[in-house]
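**Q** 3D, please:
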Amino acid sequence: MRLTGVLRLAALLLALLGAWVVVQSYLERGWRAVSLRSWIGATGRPSGSQPPRHACGNRERCPGEHFAFKIVSGAANVVGPSICFDDTVLMSGVRNNVGRGLNVALVNGTTGRLLRTAIFDMYSGDVKELETFLMEITSGTLVLTATFDDPATKMSDKARTLFTNLGSSYASQLGFRDSWVFLGAKGLSTKSPFEQHLKNNQETNKYDGWPELLEMEGCAPRKMD
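**A** As a prediction, this is how the structure comes out:
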């Protein structure tokens with residue numbers, strides 16, 4: 001009995017020793033692999049593993065003497081618009097400074113400094129305030145505009161003309177619940193290349209009663225003329 005017990009104990013010890021050797025070998029290989037990956041990650045990622053981030057989250061980097069921007073209109077009457085300029089969010093729902101109608105940010109076209117933001121409700125009738133606001137814009141100022149819900153029910157012909165003078169091609173056509181994003185400037189001699197417009201059309205609307213939101217990104221030159 002004693003011999004049998006000794007043999008069993010020896011067999012158990014041998015089994016435990018073998019298992020320990022296997023586990024130790026596995027852990028050592030795993031540690032080396034993790035250490036190698038960590039070292040590679042610390043010295044640089046493989047090319048193409050993660051795309052670089054550009055200002056305002058845009059797909060491309062802007063050249064020198066240009067400002068990156070992204071303007072997103074509101075989604076129906078649920079999600080508010082956002083305006084980003086030179087990698088700074090000027091207006092958004094998160095900042096709690098957007099609202100129904102026209103959301104407008106004025107920026108110094110040379111320095112990129114924010115001058116003012118404003119909201120004009122074109123359903124309840126802020127049209128006189130909008131006209132005064134647009135007339136007081138000084139030369140060289142960039143005007144970034146995004147719509148939310150309804151931008152045009154009570155918009156006057158005078159306000160439309162003022163936007164047209166800032167370089168807009170669609171202000172005269174803007175209608176009830178249209179989506180519109182626009183970047184213009186005071187003193188432009190030509191139409192702005194930065195504008196998108198989508199009509200409210202029951203046959204093509206993405207939302208129930210509203211067209212799809214618009215998202216426009218690009219690079220605005222420091223001096224638009």
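
**Q** can you list the domains in this protein?
**A** 1-50, 55-221 (automatic domain parsing).

**Q** Just the endpoints, please. Distance across the last one?
**A** End-to-end distance for domain 55-221: 15 Å, by C-alpha to C-alpha, to the nearest Å.

**Q** Go ahead and measure how far that domain is from the middle of the chain.
**A** 14 Å (C-alpha atoms, centre = their mean, to the nearest Å).

**Q** quick one, what contacts residue 130?
**A** 102, 120, 122, 155, 159 (C-beta atoms under 8 Å, 6 or more residues apart in numbering). C-betas here are computed from N, CA, C, even on glycine.

**Q** Checking my notes, it in a strand, right?
**A** No - according to DSSP: H, G, I helix; E, B strand; the rest coil, residue 130 belongs to no strand; its state is helix.

**Q** Deepest-packed of the domains of the chain, please.
**A** domain 55-221 (a mean of 18; mean count of other C-beta atoms under 10 Å).

**Q** That domain - what's its average pLDDT?
**A** Domain 55-221 comes out with an average pLDDT of 95.

**Q** Regarding residue 160, what is its secondary structure?
**A** helix.

**Q** What segments of the protein are strands?
**A** Using DSSP state E, the strands found in the chain span residues 66-72, 82-85, 88-91, 101-108, 114-120, 141-148, 179-185, 194-198, 215-221.

**Q** Show me the one of these that comes nearest residue 52.
**A** Among the strands of the chain, the nearest to residue 52 by C-beta to C-beta is strand 66-72 (13.0 Å).

**Q** got the angle between the closest one and strand 179-185?
**A** 160 degrees (axes from the mean of the first three to the mean of the last three C-alpha atoms, to 10 degrees).

**Q** Partner strands of strand 66-72, with direction?
**A** strand 82-85 (antiparallel), strand 215-221 (antiparallel) (DSSP bridges).
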